[in-house]
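> Sequence first, then the predicted structure:
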Amino acid sequence: MAEPVRWGVIGTGGIASSFATDLALTDSGRLVAVGSRQQQSADRFGDRFGIPNRHSTYQGLVEDPEVDVVYVATPHPMHLPDALLALEHGKPALVEKAFTMNASEARTLVDAARDKDLFLMEAMWTRFLPHMVEIRRLVEQGALGEIVTVTADFGRWFPPNPESRLFAPELGGSALLDLGVYPVSFASMLLGTPDRIEAIVEPSFTGVDGQVSMLFGYRHGAQAVLTCTSSATSPTRGTIVGTDAHIDIDGNFYRPVGFTLVPRDGPPSRRDFPRPGRGLSHEADEVARCIRAGLLESPVMRLDESISIMQTLDAVLARSKRTTTETSFDLPV
(Lines give C-alpha, C1' and ligand atoms only; values in the text may rest on other atoms or scores of the structure.)
Protein backbone atom coordinates (compact mmCIF):
# COMPACT_ATOMS: atom_id res chain seq x y z
CA MET A 1 0.00 0.00 0.00
CA ALA A 2 1.25 3.49 -0.87
CA GLU A 3 2.36 5.77 1.93
CA PRO A 4 -0.41 8.17 3.06
CA VAL A 5 -0.32 11.65 1.57
CA ARG A 6 0.72 14.14 4.24
CA TRP A 7 -1.73 17.02 4.56
CA GLY A 8 -1.33 20.50 5.96
CA VAL A 9 -4.40 22.64 6.59
CA ILE A 10 -4.61 26.42 6.43
CA GLY A 11 -7.37 27.60 8.76
CA THR A 12 -8.98 26.15 11.87
CA GLY A 13 -12.69 26.83 11.35
CA GLY A 14 -15.67 24.52 11.03
CA ILE A 15 -14.92 23.10 7.59
CA ALA A 16 -11.28 22.48 8.57
CA SER A 17 -12.54 20.51 11.56
CA SER A 18 -14.89 18.47 9.36
CA PHE A 19 -12.08 17.70 6.95
CA ALA A 20 -9.72 16.67 9.74
CA THR A 21 -12.38 14.39 11.23
CA ASP A 22 -13.15 12.69 7.91
CA LEU A 23 -9.52 12.43 6.82
CA ALA A 24 -8.95 10.18 9.83
CA LEU A 25 -11.41 7.72 8.24
CA THR A 26 -9.20 7.23 5.17
CA ASP A 27 -6.06 5.23 4.47
CA SER A 28 -4.99 7.64 1.73
CA GLY A 29 -3.79 10.55 3.84
CA ARG A 30 -3.02 11.91 7.27
CA LEU A 31 -2.96 15.41 8.72
CA VAL A 32 0.55 16.35 9.82
CA ALA A 33 0.43 20.14 10.08
CA VAL A 34 -1.92 23.06 10.73
CA GLY A 35 -1.39 26.75 10.08
CA SER A 36 -3.24 29.57 11.80
CA ARG A 37 -2.76 33.28 12.38
CA GLN A 38 -2.34 32.61 16.10
CA GLN A 39 -0.25 29.95 17.80
CA GLN A 40 -2.97 29.36 20.39
CA SER A 41 -5.50 28.52 17.68
CA ALA A 42 -3.06 26.20 15.91
CA ASP A 43 -2.28 24.44 19.19
CA ARG A 44 -5.94 23.95 20.06
CA PHE A 45 -6.64 22.48 16.63
CA GLY A 46 -3.50 20.34 16.84
CA ASP A 47 -4.45 19.02 20.26
CA ARG A 48 -7.96 18.19 19.11
CA PHE A 49 -6.84 16.18 16.07
CA GLY A 50 -3.44 14.91 17.16
CA ILE A 51 -1.49 17.04 14.66
CA PRO A 52 2.24 17.20 15.42
CA ASN A 53 3.25 20.34 13.50
CA ARG A 54 1.54 23.59 14.56
CA HIS A 55 2.37 26.88 12.82
CA SER A 56 1.42 30.40 13.87
CA THR A 57 1.60 31.61 10.25
CA TYR A 58 0.43 30.27 6.91
CA GLN A 59 3.97 30.87 5.65
CA GLY A 60 5.28 28.40 8.19
CA LEU A 61 2.71 25.82 7.10
CA VAL A 62 3.58 25.97 3.39
CA GLU A 63 7.31 25.87 4.19
CA ASP A 64 6.91 22.72 6.31
CA PRO A 65 8.93 19.99 4.52
CA GLU A 66 6.66 17.27 5.91
CA VAL A 67 3.60 18.65 4.07
CA ASP A 68 2.83 17.09 0.68
CA VAL A 69 -0.44 18.92 -0.08
CA VAL A 70 -2.23 21.92 1.40
CA TYR A 71 -5.95 22.17 2.17
CA VAL A 72 -7.08 25.83 2.08
CA ALA A 73 -10.00 26.19 4.52
CA THR A 74 -10.09 29.96 5.01
CA PRO A 75 -12.96 32.33 4.06
CA HIS A 76 -13.62 33.04 0.36
CA PRO A 77 -11.64 36.31 0.11
CA MET A 78 -8.51 34.52 1.29
CA HIS A 79 -8.68 31.55 -1.08
CA LEU A 80 -6.64 33.21 -3.82
CA PRO A 81 -3.73 34.52 -1.70
CA ASP A 82 -3.61 31.44 0.53
CA ALA A 83 -3.69 28.98 -2.38
CA LEU A 84 -1.10 31.04 -4.28
CA LEU A 85 1.11 30.93 -1.20
CA ALA A 86 0.96 27.14 -1.25
CA LEU A 87 1.64 26.93 -4.98
CA GLU A 88 4.55 29.37 -4.76
CA HIS A 89 6.17 26.99 -2.27
CA GLY A 90 5.68 23.98 -4.52
CA LYS A 91 2.69 22.55 -2.69
CA PRO A 92 -0.36 21.12 -4.49
CA ALA A 93 -3.59 22.56 -3.11
CA LEU A 94 -7.20 21.65 -2.42
CA VAL A 95 -9.16 24.91 -2.16
CA GLU A 96 -12.51 25.22 -0.43
CA LYS A 97 -15.55 26.23 -2.40
CA ALA A 98 -16.55 28.65 -3.60
CA PHE A 99 -13.19 28.31 -5.36
CA THR A 100 -12.49 32.06 -5.28
CA MET A 101 -14.44 35.32 -5.06
CA ASN A 102 -14.91 35.60 -8.83
CA ALA A 103 -13.89 34.11 -12.18
CA SER A 104 -10.92 36.46 -12.61
CA GLU A 105 -9.39 35.18 -9.39
CA ALA A 106 -10.14 31.61 -10.43
CA ARG A 107 -8.26 32.06 -13.70
CA THR A 108 -5.31 33.58 -11.85
CA LEU A 109 -5.15 30.61 -9.51
CA VAL A 110 -5.50 28.02 -12.26
CA ASP A 111 -2.85 29.74 -14.38
CA ALA A 112 -0.45 29.70 -11.44
CA ALA A 113 -0.95 25.97 -10.85
CA ARG A 114 -0.51 25.18 -14.54
CA ASP A 115 2.60 27.35 -14.79
CA LYS A 116 4.15 25.43 -11.92
CA ASP A 117 2.85 21.98 -12.96
CA LEU A 118 1.17 21.51 -9.60
CA PHE A 119 -2.08 19.76 -8.74
CA LEU A 120 -5.01 22.02 -7.87
CA MET A 121 -8.66 21.24 -7.17
CA GLU A 122 -11.79 22.96 -5.89
CA ALA A 123 -13.04 21.23 -2.74
CA MET A 124 -16.54 20.53 -4.05
CA TRP A 125 -16.70 17.38 -1.94
CA THR A 126 -20.28 16.59 -2.99
CA ARG A 127 -19.00 15.69 -6.46
CA PHE A 128 -17.19 12.62 -5.03
CA LEU A 129 -19.95 11.18 -2.83
CA PRO A 130 -21.10 7.62 -3.71
CA HIS A 131 -24.62 8.68 -4.68
CA MET A 132 -23.27 11.34 -7.05
CA VAL A 133 -20.89 8.80 -8.61
CA GLU A 134 -23.85 6.48 -9.20
CA ILE A 135 -25.99 9.30 -10.59
CA ARG A 136 -23.30 10.16 -13.13
CA ARG A 137 -23.09 6.49 -14.12
CA LEU A 138 -26.85 6.29 -14.67
CA VAL A 139 -26.88 9.51 -16.69
CA GLU A 140 -23.96 8.36 -18.84
CA GLN A 141 -25.70 5.02 -19.44
CA GLY A 142 -28.80 6.85 -20.65
CA ALA A 143 -31.03 5.53 -17.86
CA LEU A 144 -32.85 8.88 -17.70
CA GLY A 145 -33.01 9.52 -21.43
CA GLU A 146 -32.41 13.16 -22.31
CA ILE A 147 -32.23 15.45 -19.27
CA VAL A 148 -35.01 18.03 -19.37
CA THR A 149 -34.89 19.75 -15.97
CA VAL A 150 -32.57 19.92 -12.97
CA THR A 151 -33.81 21.44 -9.71
CA ALA A 152 -31.97 21.96 -6.43
CA ASP A 153 -32.24 24.19 -3.37
CA PHE A 154 -30.07 24.98 -0.39
CA GLY A 155 -31.58 27.05 2.38
CA ARG A 156 -30.36 27.31 5.93
CA TRP A 157 -31.31 29.69 8.70
CA PHE A 158 -28.43 31.66 10.18
CA PRO A 159 -28.73 34.08 13.11
CA PRO A 160 -28.61 37.65 11.77
CA ASN A 161 -25.11 38.38 13.04
CA PRO A 162 -23.27 41.06 11.02
CA GLU A 163 -19.95 39.42 11.94
CA SER A 164 -20.98 36.02 10.57
CA ARG A 165 -19.20 34.70 7.50
CA LEU A 166 -22.63 34.52 5.79
CA PHE A 167 -23.30 38.23 6.24
CA ALA A 168 -20.00 40.08 6.68
CA PRO A 169 -18.80 41.59 3.37
CA GLU A 170 -15.17 41.45 4.47
CA LEU A 171 -15.50 37.68 4.96
CA GLY A 172 -17.04 37.19 1.54
CA GLY A 173 -20.54 36.98 3.00
CA SER A 174 -22.93 35.63 0.39
CA ALA A 175 -25.71 33.07 0.34
CA LEU A 176 -24.76 32.29 -3.25
CA LEU A 177 -21.03 31.72 -2.66
CA ASP A 178 -21.57 29.74 0.54
CA LEU A 179 -24.80 27.82 -0.17
CA GLY A 180 -25.84 28.42 -3.77
CA VAL A 181 -22.55 27.09 -5.09
CA TYR A 182 -23.81 23.58 -4.29
CA PRO A 183 -26.92 23.73 -6.55
CA VAL A 184 -24.96 25.57 -9.25
CA SER A 185 -22.17 22.97 -9.22
CA PHE A 186 -24.79 20.20 -9.25
CA ALA A 187 -26.37 21.67 -12.39
CA SER A 188 -22.93 22.15 -13.94
CA MET A 189 -22.06 18.50 -13.34
CA LEU A 190 -25.17 17.40 -15.24
CA LEU A 191 -25.71 20.08 -17.87
CA GLY A 192 -22.49 22.04 -18.25
CA THR A 193 -22.30 25.81 -18.60
CA PRO A 194 -25.64 27.59 -19.11
CA ASP A 195 -26.24 29.69 -22.21
CA ARG A 196 -28.91 31.85 -20.56
CA ILE A 197 -29.06 33.03 -16.96
CA GLU A 198 -31.92 34.76 -15.19
CA ALA A 199 -31.84 35.50 -11.49
CA ILE A 200 -33.59 37.36 -8.70
CA VAL A 201 -31.24 38.41 -5.89
CA GLU A 202 -32.57 39.69 -2.57
CA PRO A 203 -30.04 41.36 -0.27
CA SER A 204 -29.64 40.45 3.38
CA PHE A 205 -29.64 43.03 6.19
CA THR A 206 -25.93 43.72 5.58
CA GLY A 207 -26.37 44.22 1.84
CA VAL A 208 -24.77 40.97 0.70
CA ASP A 209 -26.99 38.55 -1.20
CA GLY A 210 -29.33 36.73 1.17
CA GLN A 211 -31.69 34.91 -1.16
CA VAL A 212 -31.20 33.97 -4.80
CA SER A 213 -33.45 32.26 -7.32
CA MET A 214 -31.88 31.18 -10.60
CA LEU A 215 -33.16 29.94 -13.93
CA PHE A 216 -30.57 28.56 -16.34
CA GLY A 217 -31.19 27.67 -19.98
CA TYR A 218 -29.01 25.40 -22.12
CA ARG A 219 -28.51 25.20 -25.86
CA HIS A 220 -29.78 21.63 -25.95
CA GLY A 221 -33.11 22.71 -24.44
CA ALA A 222 -32.67 21.67 -20.79
CA GLN A 223 -33.32 24.03 -17.90
CA ALA A 224 -32.15 24.28 -14.29
CA VAL A 225 -34.16 25.90 -11.48
CA LEU A 226 -32.00 26.60 -8.43
CA THR A 227 -32.48 28.51 -5.17
CA CYS A 228 -30.57 29.38 -2.04
CA THR A 229 -31.23 31.43 1.08
CA SER A 230 -29.48 32.17 4.36
CA SER A 231 -32.68 33.16 6.18
CA ALA A 232 -34.67 29.88 6.23
CA THR A 233 -34.21 26.12 6.21
CA SER A 234 -35.38 24.57 2.95
CA PRO A 235 -35.91 20.90 1.96
CA THR A 236 -32.47 20.94 0.28
CA ARG A 237 -33.40 18.40 -2.35
CA GLY A 238 -32.12 17.70 -5.84
CA THR A 239 -34.10 16.32 -8.76
CA ILE A 240 -33.04 15.30 -12.26
CA VAL A 241 -35.87 14.91 -14.75
CA GLY A 242 -35.26 13.01 -17.97
CA THR A 243 -37.43 11.89 -20.84
CA ASP A 244 -37.32 8.25 -19.66
CA ALA A 245 -37.00 8.58 -15.87
CA HIS A 246 -36.28 10.98 -13.06
CA ILE A 247 -34.14 10.86 -9.93
CA ASP A 248 -35.26 12.22 -6.55
CA ILE A 249 -32.31 12.76 -4.21
CA ASP A 250 -33.03 12.76 -0.49
CA GLY A 251 -32.94 15.94 1.56
CA ASN A 252 -29.48 17.37 2.12
CA PHE A 253 -28.68 16.26 -1.43
CA TYR A 254 -25.15 17.61 -1.07
CA ARG A 255 -24.33 15.21 1.79
CA PRO A 256 -24.01 11.39 1.79
CA VAL A 257 -27.62 10.32 1.10
CA GLY A 258 -29.58 7.99 -1.16
CA PHE A 259 -31.96 8.55 -4.04
CA THR A 260 -34.91 7.03 -5.87
CA LEU A 261 -34.93 6.30 -9.58
CA VAL A 262 -38.46 6.63 -10.97
CA PRO A 263 -38.91 5.35 -14.55
CA ARG A 264 -41.61 6.72 -16.82
CA ASP A 265 -43.16 3.24 -16.85
CA GLY A 266 -42.55 0.75 -14.10
CA PRO A 267 -41.86 0.72 -10.37
CA PRO A 268 -39.32 3.04 -8.69
CA SER A 269 -36.03 1.63 -7.41
CA ARG A 270 -34.20 2.77 -4.32
CA ARG A 271 -30.43 3.32 -4.08
CA ASP A 272 -28.74 3.67 -0.68
CA PHE A 273 -25.05 3.90 0.17
CA PRO A 274 -22.75 3.63 3.21
CA ARG A 275 -22.40 6.95 5.01
CA PRO A 276 -19.12 7.10 6.93
CA GLY A 277 -18.52 10.53 8.43
CA ARG A 278 -19.72 13.70 6.78
CA GLY A 279 -18.43 12.68 3.36
CA LEU A 280 -15.28 14.77 2.92
CA SER A 281 -13.11 11.65 2.96
CA HIS A 282 -13.99 10.95 -0.67
CA GLU A 283 -12.46 14.18 -1.98
CA ALA A 284 -9.34 13.52 0.10
CA ASP A 285 -9.06 10.09 -1.51
CA GLU A 286 -9.41 11.68 -4.95
CA VAL A 287 -6.64 14.19 -4.27
CA ALA A 288 -4.33 11.40 -3.08
CA ARG A 289 -5.19 9.28 -6.13
CA CYS A 290 -4.47 12.14 -8.53
CA ILE A 291 -1.20 13.12 -6.88
CA ARG A 292 0.06 9.53 -6.89
CA ALA A 293 -0.92 9.20 -10.55
CA GLY A 294 0.91 12.40 -11.46
CA LEU A 295 -2.29 14.19 -12.48
CA LEU A 296 -2.46 17.98 -12.27
CA GLU A 297 -6.25 18.07 -11.93
CA SER A 298 -9.11 15.74 -11.17
CA PRO A 299 -11.13 14.47 -14.16
CA VAL A 300 -14.21 14.66 -11.91
CA MET A 301 -13.74 18.31 -10.86
CA ARG A 302 -11.77 19.90 -13.66
CA LEU A 303 -10.20 23.31 -13.28
CA ASP A 304 -11.88 24.77 -16.37
CA GLU A 305 -15.23 23.76 -14.89
CA SER A 306 -14.39 25.51 -11.62
CA ILE A 307 -13.67 28.66 -13.64
CA SER A 308 -16.94 28.20 -15.53
CA ILE A 309 -18.87 27.86 -12.28
CA MET A 310 -17.33 31.08 -10.99
CA GLN A 311 -18.33 32.80 -14.24
CA THR A 312 -21.89 31.61 -13.70
CA LEU A 313 -21.87 32.88 -10.10
CA ASP A 314 -20.50 36.22 -11.33
CA ALA A 315 -23.34 36.48 -13.84
CA VAL A 316 -25.94 35.71 -11.16
CA LEU A 317 -24.53 38.28 -8.74
CA ALA A 318 -24.37 40.85 -11.53
CA ARG A 319 -28.17 40.74 -11.59
CA SER A 320 -28.23 42.26 -8.09
CA LYS A 321 -26.18 45.24 -9.28
CA ARG A 322 -28.35 46.16 -12.23
CA THR A 323 -30.34 49.36 -12.15
CA THR A 324 -33.80 48.42 -13.36
CA THR A 325 -37.11 50.16 -13.72
CA GLU A 326 -39.86 48.14 -12.13
CA THR A 327 -43.10 47.83 -14.04
CA SER A 328 -46.28 47.05 -12.15
CA PHE A 329 -49.26 45.27 -13.61
CA ASP A 330 -52.88 45.34 -12.53
CA LEU A 331 -54.00 41.75 -12.25
CA PRO A 332 -57.66 40.85 -12.79
CA VAL A 333 -59.57 40.15 -9.60
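The structure has been received and is ready for your questions. Fair warning: this is a prediction, and the values are worked out from it, not measured in the lab.
> my read is T100 is in a strand, agree?
No - under DSSP: H, G, I helix; E, B strand; the rest coil, T100 sits outside any strand and is assigned coil.
> for it, phi and psi?
Main-chain torsions, T100, degrees, to the nearest 10: phi -150, psi -170.
> what's the answer for T108, then?
Per degrees, to the nearest 10, the backbone of T108 is at phi -60, psi -40.
> measure it to L80 for me?
Separation of T108 from L80 (Cβ to Cβ, to the nearest Å): 7 Å. No exception for glycine: its C-beta is placed from N, CA and C like everyone else's.
> what's in contact with the helix or strand harbouring V181?
Remark: V181 resides in helix 181-191, with elements defined by DSSP states H and E. Under the contact criterion Cβ atoms under 8 Å, 6 or more residues apart in numbering, helix 181-191 has outside partners 97-98, 124, 126-127, 132, 136, 139, 147, 150, 152-154, 176, 194, 214, 216, 218, 222, 224, 226-228, 238, 240, 253-254, 305, 308-309, 312-313, 316.
> again with stretch 110-117
84, 87-88, 90, 93, 119-120, 296, 303-304, 306-307.
> domain assignment for the chain?
The chain is divided into the following domains under automatic domain parsing: 5-126+281-298, 130-272.
> out of these, deepest packed?
Looking across the domains of the chain with neighbours counted as mean count of other Cβ atoms under 10 Å, the highest average goes to domain 5-126+281-298: a mean of 20.
> State the distance from Q311 to T57.
Taken as Cβ to Cβ, the span from Q311 to T57 is 33 Å.
> same deal with L85?
10 Å.
> Please apply the same query to G142.
Using Cβ to Cβ, G142 is found at 52 Å from T57.
> which stretches of this structure form helices?
Taking DSSP state H as the criterion, the chain carries its helices at 14-23, 39-49, 58-62, 79-88, 103-116, 130-141, 175, 181-191, 281-293, 303-318.
> As TSV, those helices with distance to I247 and mean pLDDT would be great.
TSV is the format used below for the helices of the chain (distance: least, Cβ to Cβ, whole Å; pLDDT from 0 to 100):
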stretch	distance to I247	mean pLDDT
helix 14-23	25	97
helix 39-49	36	98
helix 58-62	41	98
helix 79-88	32	98
helix 103-116	29	98
helix 130-141	6	98
helix 175	25	97
helix 181-191	10	98
helix 281-293	19	98
helix 303-318	21	97
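> can the ones you listed go into CSV with extra columns for distance to H246?
Converted to CSV, the helices of the chain look like this (distance: least, Cβ to Cβ, whole Å):
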stretch, distance to H246
helix 14-23, 31
helix 39-49, 41
helix 58-62, 45
helix 79-88, 35
helix 103-116, 32
helix 130-141, 11
helix 175, 27
helix 181-191, 12
helix 281-293, 25
helix 303-318, 24
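> out of the ones you listed, nearest to F158?
helix 175 (9.0 Å; Cβ to Cβ).
> Mind giving me the packing neighbours of that closest one?
Here helix 175 touches strand 209-217, going by 3 or more Cβ pairs under 8 Å, 6 or more residues apart in numbering; DSSP states H and E.
> Give me the residues contacting the strand it packs on.
167, 174-176, 180, 183-184, 187, 191, 194-204, 223-231, 312, 316-317, 320.
> and for stretch 78-86, what are the contacting residues?
Counting by Cβ under 8 Å, 6+ apart, 10-11, 58-59, 62, 70, 72, 74, 92-93, 95-96, 98-101, 105, 108-109, 112, 120 sit against stretch 78-86.
> mind running it again at 7 Å?
Identification of contacts with stretch 78-86 by Cβ atoms under 7 Å, 6 or more residues apart in numbering yields 10, 58, 62, 70, 72, 74, 93, 95-96, 99-100, 105, 108-109, 112.
> and of those residues, the nearest to L23?
V70 (13.2 Å).
> Can you tell me the closest non-neighbouring residue to the closest one?
Of all residues not flanking V70 in the chain, A86 sits nearest, at 4.0 Å (Cβ to Cβ, 6 or more residues apart in numbering).
> Okay, that neighbour and A73: tell me how far apart.
12 Å.
> swap in D47?
18 Å.
> and L94, bridged to which residues?
Going by DSSP bridges, L94 is paired in beta bridges with Y71, M121.
> I should have written A224 there, sorry.
Beta-bridge partners, per DSSP bridges, of A224: V150, F216.
> shift numbering so it begins at 133
Yes, from this point I'll number from 133; that puts the last item at A356.
> Now the phi/psi pair for the residue sitting nearest the centre point of the chain, please.
Centroid-nearest residue in the chain: M256, 3.3 Å away (criterion: Cα atoms, centre = their mean). Here is the backbone geometry of M256 (degrees, to the nearest 10): phi -80, psi 80.
> residue contacts, it?
229, 317, 433.
> ok, now how distant is it from D249?
23 Å.
> swap in E295?
40 Å.
> same thing with V316?
29 Å.
> next one: A218
For A218, the distance to D249 - Cβ to Cβ - is 14 Å.
> Ok, P207 next?
28 Å.
> go on, L323?
31 Å.
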